[in-house]
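A.B. asks: Here is the input, now give the coordinates:
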Amino acid sequence: MSATRVFVARLAGCGVFDPAGDRVGKVIDVLVAYRNSGAPRATGMLIEITGRRRVFVPIARVTSIAPGQVITTGLFLRRPKTSATPFGRGSTLFSEWNDVVEEGRTEESQSAEQLIATYSDMLPADLASALMDLPEERMIEVAEELDDERLADVLEELPEEEQIEIVQDLDDQRAAEVLDLMQPDDAADLMQNLPGDRAAAILDLMDEEEADDIRRLMQFDEFTAGGLMTTEPVICSADATVAEAMALIRRKEVAPALAASVFVTLPPHETVTGRYLGMVHFQRLLRYAPHERLGTILDTDVEPVTADTHISKIHRTLANYNLVALPVIDSEHHLIGVVTVDDVLDHLLPEDWRTDDGEVSHG
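C.D. replies: So this is what the prediction gives:
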């Protein structure tokens, strides 16, 4: 479910749809529970379905809310009527989507594919939230049907427990292919939570460079710069031009937080690099001609941190200087990685922040 703020007053009359995209009713009201402190928490919605019958849908059954529509995880069904009268109707109930089998189609994989089609337009973070609302068996089944790149993106957004449940169900080769596509820091965190022999087997099947990066990151404490950093920042030489740097950060595979800055070093230009010289923020690149050399526009005021720097100092530095990324160096001033603000946020937020999405703002 998206974290976008939703106003209760605007939900009334919104269409309600099942995962197949069929309209099943409309929203009548939102039910909230008042707490001793903080804003009231939305517990569910009152939905009017065909025949003017009203049912309660728990908020956990709502996977997304968009302008004019609410998407649920299941179907509204009617029990067979028990009365002999021609006007008798059975009671209405809400059924789990995975408990409903289309007539003539009984294969489990078909229902997983149907769910994936429903989730196709979701951002990875929203898809991760939707998967967490599914029963464990169904979550694993749907995750296994995702392509490698999509699954890698989703795993980066899932809590530790769900990550392990999914990866433990993959064979070693598939797990290696998926972890190859993850950010090294996220992959290292996941690997540290797997049994040692399983982690070693997966690392042996991975791309050698990716595996080496992950092994290096696994040596550091979780709450230090070494444990938080990624080993794949955008790195250039001092002789590189603004145009060349812009081409590098435009690449699709570069995460937004990493695309915000270019780091300049002596050769080699892959971690562990040569001596760190400075960084250039994306916004600064926009102010200079394409032929300008990076060495002439370096920001050398940002003080790098070392691998053993604690997270408490890192988040204060990011906040004090309004930074998106912070360089990490070794004892010889070589760039070994970069800590980005999103890595720090994951550790500062409460453990259940991904599931605390039931609140709906009044307005």
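A.B. asks: For stretch 261-278, which residues meet the burial criterion?
C.D. replies: Using 16 or more other CB atoms under 10 Å as the test for burial, stretch 261-278 gives 261-265, 269, 271, 273-274, 276-278. Heads up, the C-betas are built off the backbone N, CA and C, glycines and all.
A.B. asks: Point to the helix or strand of the chain where mean pLDDT is at its lowest.
C.D. replies: strand 92-96 (a mean of 55; mean pLDDT, DSSP states H and E).
A.B. asks: Lys313: which of the buried residues of stretch 261-278 is nearest?
C.D. replies: Nearest to Lys313 out of these is Tyr276 (CB to CB; 18.2 Å).
A.B. asks: For that closest one, which three-state class applies?
C.D. replies: Classification of Tyr276 by DSSP: H, G, I helix; E, B strand; the rest coil places it in strand.
A.B. asks: Skipping adjacent residues, who's closest to it in space?
C.D. replies: Leu335 (4.3 Å; CB to CB, 6 or more residues apart in numbering).
A.B. asks: Then Tyr288?
C.D. replies: Leaving aside its sequence neighbours, Tyr288 sits nearest to Val242 (CB to CB, 6+ apart; 5.1 Å).
A.B. asks: Kindly report the same for Ala201.
C.D. replies: Asp172 (5.1 Å).
A.B. asks: who's Ala42 bridged to?
C.D. replies: Per DSSP bridges, the residues bridged to Ala42 are Val32.
A.B. asks: What of Val55?
C.D. replies: Ile47.
A.B. asks: my guess is it contacts Arg61, does it?
C.D. replies: No - using CB atoms under 8 Å as the test, Val55 is too far from Arg61 to be in contact (10.6 Å).
A.B. asks: how about the strands in this structure?
C.D. replies: Secondary structure of the chain (DSSP state E): strands located at 15-17, 23-33, 41-49, 53-58, 62-66, 69-72, 74-78, 92-96, 235-236, 261-265, 276-281, 305-306, 325-329, 335-340.
A.B. asks: Columns distance to Lys252 on top of those, output as a markdown table?
C.D. replies: As requested, the strands of the chain are exported to a markdown table (distance: least, CB to CB, whole Å):
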| stretch | distance to Lys252 |
| --- | --- |
| strand 15-17 | 31 |
| strand 23-33 | 35 |
| strand 41-49 | 36 |
| strand 53-58 | 38 |
| strand 62-66 | 25 |
| strand 69-72 | 28 |
| strand 74-78 | 35 |
| strand 92-96 | 36 |
| strand 235-236 | 18 |
| strand 261-265 | 17 |
| strand 276-281 | 21 |
| strand 305-306 | 29 |
| strand 325-329 | 19 |
| strand 335-340 | 18 |
